[in-house]
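S.K.: pasted the sequence and its predicted model underneath.
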Amino acid sequence: MDTKVKQSQGKLKWVGTRQVRPDGVDKVTGRARFGADYSLPGMLVGKVLRSPHAHARIISIDKSKAEALDGVKAVVSGEDFPDIAKEEAFIGEGPINFRYMAHNMMARDKALYDGHAVAAVAATSEEIAQKALALIDVQYEVLPHVIDVRDAMKPDAPILHDDLFTEGVTPEPTRASNIAKQVEFGRGDPDAGFAKADVIVERDYSTQPVHQAYIEPHATLASVDEEGKCQVWASSQGHFMVRAYCAKLLGLDLANIKVTPTEIGGGFGGKTLVYIEPVALLLSRRCSRPVKIVMDREEVFRSTGPAPGSHSTVKIGATKDGKIVAGYAEMRLQAGAYPGSQIGPAGMTAFAPYEIEDVKAVGIDVVVNRPKVAAYRAPGAPLAEFPVESAIDELADKLGMDPIEFRLKNAVKEGTQSCYGPVFQKIGFIETLEAVKNHDHYQTKLGPNQGRGVASGFWFNIGGESTATVNVNEDGSVVLIVGSPDIGGSRASLALMCAETLGIDYKQVRPLIGDTDAIGYTFLTGGSRVTFATGLAAIEAAKNCIDDLRKRAAILWDIDVSNVEWRDGVAHPVDAYSDEHEPMTLKQLAAQSAKTGGPITGHIALNAEGAGPGFGSHVCDVEVDPETGRVEILRYTAVQDAGRAIHPSYVEGQIQGGVAQGIGWALNEEYIYNAEGRLDNPGFLDYRVPVCSDLPMIDTVIVEVENPNHPYGVRGVGEVPIVPPLAAVANAIEAATGKRLADLPMSPPKVLAAIDE
Amino acid sequence: MSKHHISTSINGESREFLCETRQTLLDVLRDELGMIGSKEGCSSGDCGACSVEVDGRLVCSCLVLGVEVDGKEISTIEGMADGENLHPLQTKFLEHAALQCGVCTPGFLVAAKSLLDRNPNPTETEVRYWLAGNLCRCTGYDKIVRAVMDAADEMRSAS
């Protein structure tokens, strides 16, 4: 990076300001086009037939009656898709097994959960498609099912996969079970550590699976022409992901698939997979007409997401003076119907905020007859850190210490080796705790039946592959092309960084998300990576563009490029030549670009490393109604280290949104399965996400401890804020009632039962 | 199956359409009239993403049949801005960053406008309860409530 760019340090013009987002007007006027808003001439309606059984062998599927119905153009089931071998790929935040992904997309020999796709049709209308689904004759042999993770681990449990042998245990098992894998993280000798402890707390905890509950259901439009060229429009967190998975699951060449990202109506990790895209492609290939599939809300609940539920045992020991000396966690996660819950991140994050010499975290991946889990905001961390942050609170109480002081005494800082391995670089955990301690909220007086809870949270954040192109238009305005779908305002933050680097007005930068043919590979929007990694790409592309601009000025001035400096959007000759040439603006250079070598652009493709870990500390006040057990959130303050907030409003928004989801996880959200293993609450009426009247204003404090690996100091911010609320609410309820609730959600019946104990 | 001929007014413009009995107003808006601003989040009246006004009454268009709006006046998100001037609610949503993914935004704006038409000076609690039928999973509602209160303020001082 020898680019000559002078930036007056600390005096940033655009970074840190609250500009209107570039896609804003489209979104407040109804113009923005999301997944379901795309149509093509001759388009057919695709619909998916789903298993009504939690666990059943598929004896036969007779499509003939459906195929004979007037208006039906294609009918497909598992046998029409290629068989995929077991192949693990490490993509992003967790391992992917393509065989499982293929079978989850469309059942083969067995249906493994209520809602599992078993067949699909394409027809000329929605009504005909629905009729056709009813005409597909599927013969099932219903098998015993298992919904609860503890039941699934019992030796006599119904087995989902005959070929599943537990990985990561010795001796190697000789018979199949529902336990897919066991992993361990930690160091030292926890037994020896606990022997040094004066106080030990140990408890079992459980969390329920929760759905990401994005408001936009999955939607896709696919079109295959007679030559086999495929086009897909998809609402997803990564169009390159959609391309790769469709190619893999259908046995197609990547080169034959173009995926265009639509606006995405929320994802939170739940749109990092494919469900309907390969189905729509296959249907379209069968009849050479475009096929659109849009899930309804019931399908979203029954067949996509959620985050895993968990049962955990957590034990922590501390000395009298408040030093944590040992930690142990065993976490049993519900993977859903196929292996692959986030036991890795759960094991790594559980104790991550604390310096503990003797510590061990065990994660166990267990299959059950539920939808296969997907990533959900800091995948694995909330369910792992909830028990630990609850135990920390319990310990502080037993030691008679303030919960913030106790955390401060044990908090990780720069140079600390984390419980999961790496040594932390510059981090801002302590700063978040200090900010909570000094916040007015922490001193506010509480009334009867009210309580205050504190909890912290950690997430790694990731970098990864991003590509960016900066094209300078003839009038000096700029188009910034990236490959990251924008879920929460990233076009604004990327345009701000691009404008800052080039030294031009933010409104002169028009950001665009290129389709898979228009921009180089870019990893999906997840892991809180976009502002960091794609931001880095936008900055580097802008710097390359500046190099080109300096070259153009050098040509016009007939001096060496090393004598041209770029300052605040203007090319300046260095001192020795400053009398001979007038500085030239980007606009002037753009106007003369034909004379100096043609269009001016900057481009970069990179794999960003050094994402700064994120920490947050939250404080929550609740009031518990002793007659109903209802918990009201009175006040909530969330503090987070953002490294640097490029667009503070959207950083605050990420924090507030994460908190709201965490509160839903803590208090309301759960899946209700009946005795037949069918989901009884697949809708927003009975699966209760927080509504506007459930919440107070969510106060945010952004702490800025710059990430040294990013030019503007950015850390990812999207995931951390969902981690602390689970325990912050539980700790507040404990403070209000004297009862520690360890099973989520802390819904009124459970709270009431605890009070009445 | 014969279709029904419906005459209605949408955002002040006379519109006619043919629809089947089973089609909802939302289906008609999106699929027959190409007005994609109203969104389908649940088709059960729980999320409010399809909010429109029918004769001044706030409804979920997924719970209204197309045939029911014959002779009625419908307002949708597409009619909210006045020419090239955004409605103050739209402007405030942008200024306050009251949207992230934006898919719930049209519904929130239509619902919020319906509130301010009735109650130009709502309390925070009144805003929260009026908007309780609109789900947002991204924002935690904080900035939405602030944007609505701020728009109400501005509209009061302008009138």
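M.R.: Everything's here; your move.
S.K.: contacts and neighbour counts: CA atoms only from here.
M.R.: Noted.
S.K.: buried residues, the top helix by length along chain A. List them.
M.R.: When chain A is parsed with DSSP state H, its longest helix is helix A:535-557. Within helix A:535-557, the residues scored as buried using 16 or more other Cα atoms under 10 Å in any protein chain shown are A:535-554, A:556-557.
S.K.: for stretch A:556-570, same thing?
M.R.: Neighbour-count burial for stretch A:556-570 flags A:556, A:557, A:561, A:563, A:564, A:565, A:566, A:567, A:568, A:569, A:570 (criterion: 16+ other Cα under 10 Å).
S.K.: likewise for stretch A:412-420?
M.R.: A:412, A:413, A:416, A:417, A:418, A:419, A:420.
S.K.: the helices in chain B, which residues?
M.R.: For chain B, the helices defined by DSSP H cover B:25-27, B:88-95, B:105-118, B:124-130, B:142-158.
S.K.: in strands only, show me the buried residues of stretch A:556-570.
M.R.: Under the assignment DSSP state E, the buried residues of stretch A:556-570 contribute A:564, A:565, A:566, A:567, A:570 to strands.
S.K.: sec struct for the residue nearest the centre of chain A, please.
M.R.: Geometric centre of chain A, nearest residue: residue A:269, 3.4 Å, by Cα atoms, centre = their mean. Per DSSP: H, G, I helix; E, B strand; the rest coil, the secondary structure class of residue A:269 is coil.
S.K.: so who does it touch?
M.R.: Listed by Cα atoms under 8 Å, 6 or more residues apart in numbering or on different chains, the contact partners of residue A:269 are A:212, A:237, A:374, A:375, A:376, A:377, A:379, A:526.
S.K.: low-confidence ranges in chain B?
M.R.: Within chain B, the stretches with pLDDT under 70 are B:1.
S.K.: domain parsing for it?
M.R.: B:4-79, B:88-158 (automatic domain parsing).
S.K.: start to end distance for the first one?
M.R.: The distance separating the two terminal residues of domain B:4-79, taken as Cα to Cα, to the nearest Å, comes to 25 Å.
S.K.: so is it next to chain A?
M.R.: Yes - part of domain B:4-79 sits near chain A under the criterion Cα under 8 Å from any Cα of the partner chain, namely B:36, B:37, B:38, B:40, B:41, B:42, B:43, B:46, B:47, B:77, B:78.
S.K.: those residues: which two are farthest apart?
M.R.: The most widely separated members of the residues of domain B:4-79 next to chain A, counting by Cα to Cα, are B:46 and B:78 (21.8 Å).
S.K.: residue A:504: which of the buried residues of stretch A:556-570 is nearest?
M.R.: Distance to residue A:504, by Cα to Cα, is smallest for residue A:569 among the buried residues of stretch A:556-570, at 5.3 Å.
S.K.: show me what contacts the closest one?
M.R.: Contacts for residue A:569 were tallied using Cα under 8 Å, 6+ apart; they are A:502, A:503, A:504, A:585, A:586.
S.K.: would you list the residues you listed in a markdown table and tack on distance to residue A:441?
M.R.: Compiled in a markdown table, those are given as follows (distance: Cα to Cα, whole Å):
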| residue | distance to residue A:441 |
| --- | --- |
| A:502 | 41 |
| A:503 | 40 |
| A:504 | 40 |
| A:585 | 49 |
| A:586 | 48 |
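S.K.: go through those and flag which are in strands.
M.R.: residue A:585.
S.K.: nearest to chain B, of the contacts of residue A:569?
M.R.: Among the contacts of residue A:569, residue A:504 lies closest to chain B (Cα to the nearest Cα), at 21.4 Å.
S.K.: against residue A:585, how distant is that closest one?
M.R.: Here the criterion is Cα to Cα. By it, residue A:504 lies 9 Å from residue A:585.
S.K.: same question, residue A:242
M.R.: Residue A:242 is 41 Å from residue A:585, where distance means Cα to Cα.
S.K.: ok, the two, which is more surrounded?
M.R.: residue A:242 (30 against 21; other Cα atoms under 10 Å in any protein chain shown).
S.K.: next one: phi and psi at that one?
M.R.: The phi/psi pair for residue A:242 (degrees, to the nearest 10) reads phi -60, psi -40.
S.K.: swap in residue A:190?
M.R.: Main-chain dihedrals, residue A:190, degrees, to the nearest 10: phi -50, psi -40.
S.K.: so it sits right up against residue A:361, yeah?
M.R.: No - taking Cα atoms under 8 Å as the definition, residue A:190 is not a contact partner of residue A:361, at 10.1 Å.
S.K.: residues in contact with residue B:98?
M.R.: Counted by Cα under 8 Å, 6+ apart, residue B:98 has contacts B:92, B:139, B:141, B:142, B:143, B:144, B:147.
S.K.: just residue A:484 next, same as before
M.R.: So residue A:484 contacts A:237, A:238, A:466, A:513, A:522, A:523, A:524, A:525, A:530, A:534 (Cα under 8 Å, 6+ apart).
S.K.: please apply the same query to residue A:367.
M.R.: Listed by Cα under 8 Å, 6+ apart, the contact set of residue A:367 reads A:149, A:152, A:160, A:178, A:179, A:180, A:334, A:335, A:336, A:337, A:338, A:339.
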